[in-house]
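> Prediction below, plus the sequence it came from.
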Amino acid sequence: MDFIRLLHIEPTNMGTSTGNEWLTSYGSEIQSFTPVNGSLIATVTATDKEAYEAVVHKAASAFKIWRNWPAPKRGEIVRQLGESLRANKENLGKLVSFEMGKSLQEGMGEVQEMIDICDFAVGLSRQLYGLTMHSERPNHRMYEQWHPLGIVGIISSFNFPVAVWSWNTAIAWVCGNVCIWKPSEKTPLCSIAVQKIVADVFAKNHVPEGVSCLVQGDKTVGEWLSHDTRIPLISATGSTRMGKALNTAVAARLGKCILELGGNNAIIISQHADLDMALLGCLFGAVGTAGQRCTTTRRLIIHESVYETFKNKLVKAYQQLKIGNPLQPENHVGPLIDKTAVQLYLHAIEQCQQQGGKFIVPGGVMEGTGFESGCYVKPCIAEVQPNMPIVHHETFAPILYIMPYKTLDEAIEIQNQVPQGLSSAIMTLNLREAEAFLSHAGSDCGIANVNIGTSGAEIGGAFGGEKETGGGRESGSDAWKAYMRRQTNTINWGTQLPLAQGITFEL
Ligand code: UN1
């Protein structure tokens, strides 16, 4: 395991850090098992309350220094981080693949997303624009500016163990914030590797200790963050259940949240679709990352006139899928994250059958040589009715539900019928259909695509969704505004003090 050595991480690690300093903590042990072969790859100590307090103190004092660095200077640090990630892309990509279980190509792709967001943030650091507006009063100027918030808490999920952090952090940093990262307890080693890369860049540039902080643990540590009034913003990626609990806690103290929660993404396959192209989009969307992306394609809504044809193409394609070690490039589908995920997958299959679903590609757990971890499962396809409860539920596994439709209105209604609202797509060469899908009466999701699948969003756009997906936006476009506070300024450069709204106040 050369990549572990090359990333300068050890299998036993303190997991709490404020940058270059690693803090002693007496929290419980977090064990990281790779789903690739089931072996224990790291033991990390969770952050205890004392270490957590030390981290928050350090972050708070770092903010007082960091906010005074000019934004383009902060951008320069992020640029160097991007360079360092380029140099470490292969090793970090391998570690992501090994600890999380996604394919090596996807592991590298994830690091590429980190690099891309760094580039984006560097440009952003010379922008962060506010507006100017005209005052109703003479000799007055009105404008708005954006200031940093302070400490940003980042809670990230196992499925994108490094990229989710970077979408938040790179933007938060150029905005002038400091960050405390709580990664998923299922992928602690990836976070330690990233923290070491960051710490090297920071040390060279004398960035104060506390700008990049790392804490480890389960939901207890998440609760410390969500209740902490010293942390004005929490950005959290994960399950809807987690998001609801977190949002309640943060709202109770009138803090801010950016939530990126579950998805139940559908592709509408119209009778006007290029079916071969559609097939590729559906396939990658449904089985990529073994169905463990928020943007994974979970439902196909297929026009009745092409239903049988497309179904047969799909079944044929599924028969060719190679399941196995994700580090070997010939495999398409790696393992699920752990055995709990396997249980949830099996449970969903059972529920689907009980509710009347018919599996045309059966699921099951892989056994035998190469599958000893017990985490490898077969991507499967079920024919369902759109209103079956299981179809409205996000199961983080490669289970694809397919259903026919007659009219586009009906297809859009089915697509919008679920509680989640992250990503959506239509496959059609018909302009009217495409525009109807993108219109006010079309998809209700945060992401709506035409002739590409639901997964694989680029960092340049704002990423996130509606309804139970949480409403937050991360990454590109003007998502940066959520990491700052807006201040409206009015300056009187005249010799009188006229009041607004025509009020006079004379003594
Ligand atoms: C996620 O699964 O949390 O669109 C995010 C995609 C990736 C992001 C997925 N860029 O698939």
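Done, it's in.
> Confirm that residue 257 sits in a strand.
Yes: assessed with DSSP: H, G, I helix; E, B strand; the rest coil, residue 257 lies in a strand.
> Can you name the helix or strand that the nearest residue in space to it that is not next to it in sequence falls in?
Once flanking residues are discounted, residue 257 sits nearest to residue 250: 4.9 Å by CB to CB, 6 or more residues apart in numbering. All C-beta spots, glycine's among them, are computed from the backbone N, C-alpha and C. Under the criterion of DSSP states H and E, residue 250 resides in helix 240-252.
> What average pLDDT does that helix get?
Here helix 240-252 scores 97 as its mean pLDDT.
> In it, which residues are buried?
240, 242, 243, 245, 246, 247, 249, 250 (16 or more other CB atoms under 10 Å).
> Could you export these as CSV, including distance to the ligand?
Shown next, in CSV, are the buried residues of helix 240-252 (distance: CB to the nearest ligand atom, whole Å):
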residue, distance to the ligand
240, 13
242, 13
243, 12
245, 19
246, 16
247, 17
249, 22
250, 20
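> burial of residue 494, as a residue count?
Using other CB atoms under 10 Å, residue 494 is surrounded by 11 other residues.
> Now do the contacts for it.
138, 139, 140 (CB atoms under 8 Å, 6 or more residues apart in numbering).
> So which of the residues you listed belong to strands?
residue 140 (DSSP state E).
> so which of the contacts of residue 494 comes closest to residue 447?
Of all the contacts of residue 494, residue 140 has the smallest distance to residue 447: 41.8 Å, by CB to CB.
> Need the three-state assignment for the residue lying closest to residue 123 once chain neighbours are set aside.
The shortest distance from residue 123 to any non-neighbouring residue, by CB to CB, 6+ apart, is to residue 75 (7.8 Å). When classified by three-state DSSP, residue 75 comes out as helix.
> Residues of the chain that sit close to the ligand?
With CB under 6 Å from any ligand atom as the criterion, the chain comes near the ligand at residues 159, 160, 237, 293, 294, 295, 455, 456, 457.
> Just the pLDDT for the fifth one.
Read that as residue 294. Residue 294 is given a pLDDT of 97.
> That one contacts residue 159, doesn't it?
Yes: taking contacts as CB atoms under 8 Å, residue 294 lies within contact range of residue 159: 7.3 Å.
> Just want to know which of these two has more residues nearby.
Per other CB under 10 Å, whichever of residue 294 and residue 159 has more neighbours is residue 294, with 30 against 25.
> Run a quick neighbour tally on the residue lying closest to the more buried one once chain neighbours are set aside.
The shortest distance from residue 294 to any non-neighbouring residue, by CB to CB, 6+ apart, is to residue 263 (4.5 Å). Neighbour count for residue 263, taken as other CB under 10 Å: 29.
> ok so, going back, mark which of the residues of the chain next to the ligand are buried, thanks.
159, 160, 237, 293, 294, 295, 455, 457.
> Pull the most distant pair out of these.
Spanning the widest gap among those are 237 and 455, at 14.8 Å by CB to CB.
> In this protein, what residue spans correspond to helices?
For the chain, applying DSSP state H gives helices covering 2-6, 49-66, 71-87, 89-100, 104-124, 163-174, 188-204, 219-227, 240-252, 275-287, 304-319, 339-354, 408-416, 431-438.
> Give me whichever of the ones you listed is most buried.
Among these, helix 163-174 has the highest mean neighbour count (mean count of other CB atoms under 10 Å), at a mean of 28.
> For residue 49, state which of the buried residues of helix 240-252 is nearest.
Using CB to CB, these come closest to residue 49 at residue 249, 16.7 Å.
> which residue packs closest to that closest one, ignoring adjacent ones?
Leaving aside its sequence neighbours, residue 249 sits nearest to residue 226 (CB to CB, 6+ apart; 4.0 Å).
> which ones are touching the one you found?
By CB under 8 Å, 6+ apart, residue 226 lies in contact with 153, 234, 245, 246, 249, 250, 255.
> swap in residue 377?
Residue 377 makes contact with 290, 323, 335, 336, 342, 345, 363, 364, 365, 366, 397, 398, according to CB under 8 Å, 6+ apart.
> So which of those wins on neighbours?
Counting neighbours by other CB under 10 Å, residue 290 comes out on top of the contacts of residue 377 with 31 neighbours.
> who touches it in this structure?
Contacts of residue 290 (CB under 8 Å, 6+ apart): 101, 102, 333, 334, 335, 336, 377, 379, 397, 398.
> State the pLDDT value of residue 1.
In this model, residue 1 is scored at 71, pLDDT.
> Next: the one 5 residues further on.
Note for residue 6: predicted pLDDT of 76.
> Hmm, residue 128 is touching residue 486, no?
No: the criterion here is CB under 8 Å, and residue 128 misses it with residue 486 at 11.1 Å.
> what is in contact with the two at once?
Among the neighbours of residue 128, those also in contact with residue 486 (CB under 8 Å, 6+ apart) are residue 146.
> Comparing the two, which residue is more hemmed in?
The neighbour comparison of residue 128 against residue 486 (other CB under 10 Å) goes to residue 128, with 21 against 11.
> In CSV: the contacts of residue 290, plus pLDDT.
Below are these laid out as CSV (pLDDT from 0 to 100):
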residue, pLDDT
101, 98
102, 97
333, 97
334, 98
335, 98
336, 98
377, 98
379, 98
397, 98
398, 98
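> one step back: what about the residue nearest to residue 249, distance to residue 496?
Remark: distance between residue 226 and residue 496 (CB to CB, to the nearest Å) = 49 Å.
> Narrow the buried ones among the residues of the chain next to the ligand to those in strands?
Counted as lying in strands by DSSP E, out of these, are residue 237.
> show me what contacts residue 203?
For residue 203, the contact set (CB under 8 Å, 6+ apart) comprises 19, 20.
> how far out from the middle of the chain is stretch 411-429?
The chain centre lies 20 Å from the centre of stretch 411-429; the measure is CA atoms, centre = their mean, to the nearest Å.
> Look at it and report the distance between its end residues.
With CA to CA, to the nearest Å applied, stretch 411-429 spans 16 Å between its terminal residues.
> quick one: average pLDDT of stretch 337-347?
98.
> quick one, domains of the chain?
Per the TED database, the domain ranges recorded for the chain read 2-261+470-488, 265-450.
> May I see these organised as TSV, with distance to residue 506 added?
Output for the domains of the chain, formatted as TSV (distance: least, CB to CB, whole Å):
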stretch	distance to residue 506
domain 2-261+470-488	17
domain 265-450	51
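> Of those, which is nearest residue 505?
Using CB to CB, the domains of the chain put domain 2-261+470-488 closest to residue 505, at 13.8 Å.
> now the end-to-end length of the closest one.
End-to-end for domain 2-261+470-488, by CA to CA: 53 Å.
> One more: stretch 436-451?
14 Å.
> Could you check how far that stretch is from the centre of its chain?
With CA atoms, centre = their mean as the basis, stretch 436-451 stands 21 Å off its chain's centre.
> same thing with stretch 197-214?
How far stretch 197-214 lies from its chain's middle: 23 Å, per CA atoms, centre = their mean.
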